[in-house]
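# Build me a structure from this.
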Amino acid sequence: MFYAESHSFFKPRTIALLVLVFLLSSMIDRKQLSSNHPFVTPHTIQSIVHSSIANMTFDGHLCFDDVQYAAKDFGNRYHLMPSAVLHPKSVSDISSIIKYIFDLGLSSELTVAARGHGHSLEGQAQAYQGVVISMESLRVPKMSFHTGRDPYVDVWGTLSNAGISGQAFRHGPQINNVYQLEVVTGRGEVATCSEEQNTDLFHAVLGGLGQFGIITQARIALEPAPKMVKWIRALYSDFSIFTEDQELLISSKVAFDYVEGFVIINRTEVAKYYNPEESEYIDQEIDTQLSAMNYIRSTLFQSEVSYVDFLDRVHVSEIKLREKGLWEVPHPWLNLLIPRSSIHEFAQEVFGNILKDTSNGPVLIYPVNKSRWKNSTSLITPQEDVFYLVAFLSSAVPSSAGKDGLEHILTQNRKILHFCGRPHLGIKQYLPHYSTPEEWKAHFGTHWEVFYRRKLAYDPLAILTPGQRIFRREKAFGLQLPTS
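Numbering: from 1, shown residues only. This is a model prediction of the structure:
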């Protein structure tokens, strides 16, 4: 942990330590919902599920009993019990069940949600009285994993959102690095799509919040991984200097490969990847980069770790929290995309007034270049050349009524969102969650009409991913676009 003296930018006695992370190398209707409530068990499972879907034949299997785990996710706030869980062994399994439900038409209100490793925050991968597809069961022949272990995350979920990390300033989000997808649409049709084939579907699914199809295969860009990382941390007591240095790093032609910041009220880190034979050259490059920066000189800290260990750093923290019983707790995270022109006003209000401390979890902050982001996908971002990701990664202590309790954190989040609702700020949510169609329309803005048309084309019965609460299954789509 690093601490610095308070600065006049913030309220008296509020400490602002800001942490950068620099690395070098390759990428890798709240209806029926409530916070922190017990599992919602349907009194009567729809007879159509038992009588018809239960008789379907799959390469995998359909389970009606052991389904409770599919009503949980990382957010640990929403628990919506499905009627069944499909464990597919083939893409045909996924296509068959969606097509069957689609062919039932409006006589059924069944919905389908794809669940990977359960990292959703707001029940997005849950399907109340519907069917959850356990994507962990789907293994195509060409898939293999280092040392035979399952990965910690799945590709499908990040591609349905964006996939943002400290390397996004250079490579763009993960959805920018996709060559081709195989998708099962809300009609049950299996389609291959890319920039050259079924282009509209390709753009719709990337960042599409699971509204247009379930991704069953993805061809993505990779690079050889380096062996080592130079991990550099530096502290700042002035927010303006902190952001200036971050923007310097993402604009430099000879830059670090990974840039990430932390507000601890506050701290900063940096890191660099390399191979052993490049050590001397890397040291010179680091010195050159650091000489142009204005961090507090006495706070610079450097370490060297293997590339694998660096990537595994979050998982190591997870293991420690699990051992202490602090992992299976509510995670009321809030992720925002903030234009550069608004970041200082945001910091002054949120870090100076609303957020009194950050003991409930890390606060990430780092800029990205919009020029590295494609405009054709479904992802919504601020309309400026540079914008910041600010992520409040809070954990709540169960049963606590204090500052570390869920209600306090949610109240804090609501205050932040209320401030962010000022139109002139131009702030957008990342991993968005809203309660009403009107809020979703406001989120998409001028892109709503395209989003709606794509829904009409690829999932007209609103079967897929009901947990996003954008479209309601019981309301059939008309032939005309809404006027408002």
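# Find the centremost residue of this structure, please.
Using CA atoms, centre = their mean, the residue of the chain that lies closest to the mean C-alpha position is residue 431, 5.1 Å off.
# what's that one sitting at in phi/psi?
When read as degrees, to the nearest 10, the backbone of residue 431 gives phi 50, psi 60.
# Got the confidence number for it?
Residue 431 carries a pLDDT value of 96.
# Residue 424 now?
Residue 424 is given a pLDDT of 97.
# State the distance from it to residue 201.
The spacing between residue 424 and residue 201, counted by CB to CB, to the nearest Å, is 35 Å. No exception for glycine: its C-beta is placed from N, CA and C like everyone else's.
# repeat for residue 288
45 Å.
# circling back to that earlier point, the residue nearest to the centre of the chain: what's its closest spatial neighbour, skipping adjacent residues?
Spatially, and ignoring its direct neighbours in sequence, residue 431 is nearest to residue 335 (4.9 Å; CB to CB, 6 or more residues apart in numbering).
# Show me the shaky parts of the stretch 351-484 of the chain.
Within the stretch 351-484 of the chain, the ranges that satisfy pLDDT under 70 run 357-358, 475-484.
# hey, where'd the helices end up in it?
In the stretch 351-484 of the chain, the helices defined using DSSP state H, counting those that start in this stretch lie at 406-420, 437-444, 448-458.
# How much space separates residue 340 from residue 164?
In terms of CB to CB, residue 340 sits 16 Å off from residue 164.
# pretty sure the residue nearest to the centre of the chain is touching residue 336, no?
No - Residue 431 is beyond contact range of residue 336, at 9.8 Å (criterion: CB atoms under 8 Å).
# Mutual contacts of these two, please.
Overlap of the contact sets of residue 431 and residue 336 (by CB atoms under 8 Å, 6 or more residues apart in numbering) is empty.
# pLDDT weak spots in this protein?
Along the chain, the parts satisfying pLDDT under 70 run over 1-51, 140-154, 254, 265-283, 286, 289-298, 357-358, 475-484.
# Let me see the domain layout of it.
Listed by automatic domain parsing, the domain ranges of the chain are 18-26+224-311, 47-137, 318-429.
# Can you show me the strands along the stretch 301-450 of the chain?
Per DSSP state E, counting those that start in this stretch, the stretch 301-450 of the chain carries strands over the ranges 301-306, 334-339, 363-369, 386-392, 428-429.
# Same list (these) but as TSV, adding mean neighbour count.
Shown next, in TSV, are these (neighbours: other CB atoms under 10 Å):
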stretch	mean neighbour count
strand 301-306	14
strand 334-339	23
strand 363-369	23
strand 386-392	23
strand 428-429	18
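# which stretch among those comes nearest residue 195?
Proximity to residue 195 (CB to CB) singles out strand 363-369 among those, at 20.8 Å.
# just checking, what packs against that closest one?
Packing contacts for strand 363-369, counted by 3 or more CB pairs under 8 Å, 6 or more residues apart in numbering; DSSP states H and E, involve strand 18-23, helix 168-171, helix 239-251, strand 258-263, strand 386-392.
# Pull up the pairing partners for that strand, direction included.
Here strand 363-369 has these sheet partners by DSSP bridges: strand 258-263 (antiparallel), strand 386-392 (antiparallel).
# Reformat the ones you listed as JSON lines; add distance to residue 234.
Output for those, formatted as JSON lines (distance: least, CB to CB, whole Å):
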{"stretch": "strand 258-263", "distance to residue 234": "10"}
{"stretch": "strand 386-392", "distance to residue 234": "18"}
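# so which of those strands gets nearest residue 209?
strand 386-392 (17.4 Å).
# Using PDB, write out the CA atom coordinates for that closest one.
What follows is strand 386-392, C-alpha atoms only, in PDB (Å, rounded to 0.1, in the frame of the first residue of the first chain):
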ATOM      1  CA  VAL A 386     -10.000   9.800 -25.200                       C
ATOM      2  CA  PHE A 387     -12.200   8.500 -22.400                       C
ATOM      3  CA  TYR A 388     -11.600   6.900 -19.000                       C
ATOM      4  CA  LEU A 389     -12.700   3.700 -17.500                       C
ATOM      5  CA  VAL A 390     -13.500   4.200 -13.800                       C
ATOM      6  CA  ALA A 391     -14.500   1.000 -12.000                       C
ATOM      7  CA  PHE A 392     -15.600   0.800  -8.400                       C
END
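# what pairs with the helix or strand residue 216 falls within, and is each one parallel or antiparallel?
Using DSSP states H and E, the element containing residue 216 is strand 213-220. Strand 213-220 has the following strand partners under DSSP bridges: strand 178-185 (antiparallel).
# Check which residues of the partner strand are buried.
178, 181-185 (16 or more other CB atoms under 10 Å).
# Closest one of the residues you listed to residue 96?
residue 184 (9.6 Å).
# how about TSV for the domains of the chain, with distance to residue 173 added?
Output for those, formatted as TSV (distance: least, CB to CB, whole Å):
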stretch	distance to residue 173
domain 18-26+224-311	14
domain 47-137	16
domain 318-429	6
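# Setting the sequence-adjacent residues aside, check what's closest to residue 99.
residue 188 (2.5 Å).
# neighbours around the closest residue to residue 52 other than its chain neighbours, how many?
Distances taken as CB to CB, 6+ apart place residue 100 nearest to residue 52, at 7.6 Å, with adjacent residues excluded. By other CB atoms under 10 Å, the residues close to residue 100 number 16.
# and what of residue 206?
When neighbours are counted by other CB under 10 Å, residue 206 comes out with 27.
# Likewise for residue 137?
16.
# check contacts around the closest residue in space to it that isn't next to it in sequence.
Excluding the flanking residues, the one nearest residue 137 by CB to CB, 6+ apart is residue 87, at 4.0 Å. The neighbourhood of residue 87, defined by CB under 8 Å, 6+ apart, consists of 60-63, 134, 137.
# and if we set it to 10 Å?
58-63, 66, 93, 132-138 (CB atoms under 10 Å, 6 or more residues apart in numbering).
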